[in-house]
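Enquirer: return atomic coordinates for the entry below.
(one chain, ligands or ions: 1)
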Amino acid sequence: MDLTGVTLRDFLWNKRLAGGLNLALRRSRKHDRALLDTLLERLPAARADHVFVTGDFTNLALRPEFTLARRYVQRIADLVGTARVSVIPGNHDAYTEDAVVERRFEEAFAEWIGEGARGEWPYLQLTGSLAIIGCSSAVPTPFPRASGRLGEAQLERLEALLGRDDVRARFRVVLVHHPPVPQHGSELRQLEDRAAFAAVIARAGADLVLHGHDHREVRAELAGPEGRWVPVLGVTSATYRSSHADRRGRFNVYEVDPVARRVASVVSELA
Ligand SMILES: [Fe+2]
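Expert: You can find the predicted model right below:
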């Protein structure tokens, strides 16, 4: 990788360890934390400027699960620096009302969610040429629902943040756990207000949207203002064992050009 002029060409690393972590606790035949350990060993070689973890972190939002997941995120932070890590919750991290009321996610990951630690979503992190906006689509849903919702207040705040001068001057990365584009499969797993999210992006613009949730590689787009298209990219679970190439555990390295406001390349590091 070309690291010269790193302020102009940042390397972003997006890995979804959450789903893997969570499911590894219960469905170990498909999910194997050893894959995650392997990927973490390779993290320094990726020389990422920033690491995004887009959930899920737990299975049932139990405290011991958060303790384990925090240990993994701390390992990432030890490797790349605490300020270079951003996380957002998945639906499993808000699995029960108790978990939400007790703010288990916010407690476990306070260092990596900005003002989200105070319950203010989405949070904003300004770091170098990046403006990172982390949304929470995690809401408790009765089984078998696994849908997500941002809600009006969060969408309003998202649009306001995207329009700020100090944000617009940077490469704007929006994080949301659920894919904000229509997915094949059941409506029970989708982002309920994805049309409203798409409308915000159409009005305010963004440069990259990253998500988790779907255990497969996703390459999509949303319309932005002035005829621009905003890449919407999803990554598989880091611990998923699969014979299907698009589902195998990995992390992705996104090379972005903040000046041209484009994603220059996406390279997958398979576990
Ligand atoms: Fe999920």
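Enquirer: tell me, how many residues neighbour the residue of the stretch 51-200 of the chain found nearest the ion?
Expert: Per CB to the ion, residue 90 is where the stretch 51-200 of the chain lies closest to the ion, at 4.0 Å. For glycine as for every other residue, the C-beta is placed from the backbone atoms N, C-alpha and C. Neighbours of residue 90 under the rule other CB atoms under 10 Å: 30.
Enquirer: measure it to residue 141 for me?
Expert: In this structure, residue 90 and residue 141 are 12 Å apart, going by CB to CB, to the nearest Å.
Enquirer: cool, residue 102 as well?
Expert: 18 Å.
Enquirer: what of residue 234?
Expert: With CB to CB as the criterion, residue 234 and residue 141 are 20 Å apart.
Enquirer: neighbour count winner among the two?
Expert: residue 234 (26 against 17).
Enquirer: which residues touch the closest residue to the ion within the stretch 101-250 of the chain?
Expert: The ion sits closest to residue 213 of the stretch 101-250 of the chain, with a gap of 3.9 Å, by CB to the ion. Residue 213 makes contacts with 19, 54-56, 90-91, 146, 148, 177-179, 189, 234, as judged by CB atoms under 8 Å, 6 or more residues apart in numbering.
Enquirer: now those residues as TSV including distance to residue 247 and pLDDT?
Expert: Shown next, in TSV, are the contacts of residue 213 (distance: CB to CB, whole Å; pLDDT from 0 to 100):
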residue	distance to residue 247	pLDDT
19	11	33
54	16	90
55	17	86
56	16	86
90	17	92
91	19	92
146	17	89
148	21	95
177	18	94
178	18	95
179	15	95
189	15	89
234	11	89
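Enquirer: quick one: buried residues of the helix or strand hosting residue 78?
Expert: Assigned by DSSP states H and E, residue 78 falls within helix 63-80. Within helix 63-80, the residues that count as buried by 16 or more other CB atoms under 10 Å are 65-66, 68-70, 72-73, 76-77, 79-80.
Enquirer: then stretch 194-206?
Expert: Within stretch 194-206, the residues that count as buried by 16+ other CB under 10 Å are 194, 196-198, 200-201, 204-206.
Enquirer: using PDB, write out every CA atom in it.
Expert: Output of stretch 194-206 as PDB, limited to C-alpha atoms (Å, rounded to 0.1, in the frame of the first residue of the first chain):
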ATOM      1  CA  ARG A 194     -34.100   3.000   5.400                       C
ATOM      2  CA  ALA A 195     -36.200   5.200   3.100                       C
ATOM      3  CA  ALA A 196     -35.900   8.100   5.500                       C
ATOM      4  CA  PHE A 197     -32.100   7.400   5.900                       C
ATOM      5  CA  ALA A 198     -31.800   7.400   2.100                       C
ATOM      6  CA  ALA A 199     -33.600  10.700   1.900                       C
ATOM      7  CA  VAL A 200     -31.100  12.200   4.400                       C
ATOM      8  CA  ILE A 201     -28.200  11.000   2.300                       C
ATOM      9  CA  ALA A 202     -29.900  12.300  -0.900                       C
ATOM     10  CA  ARG A 203     -30.200  15.800   0.700                       C
ATOM     11  CA  ALA A 204     -27.100  16.100   2.800                       C
ATOM     12  CA  GLY A 205     -24.700  13.700   1.100                       C
ATOM     13  CA  ALA A 206     -22.000  11.500   2.500                       C
END
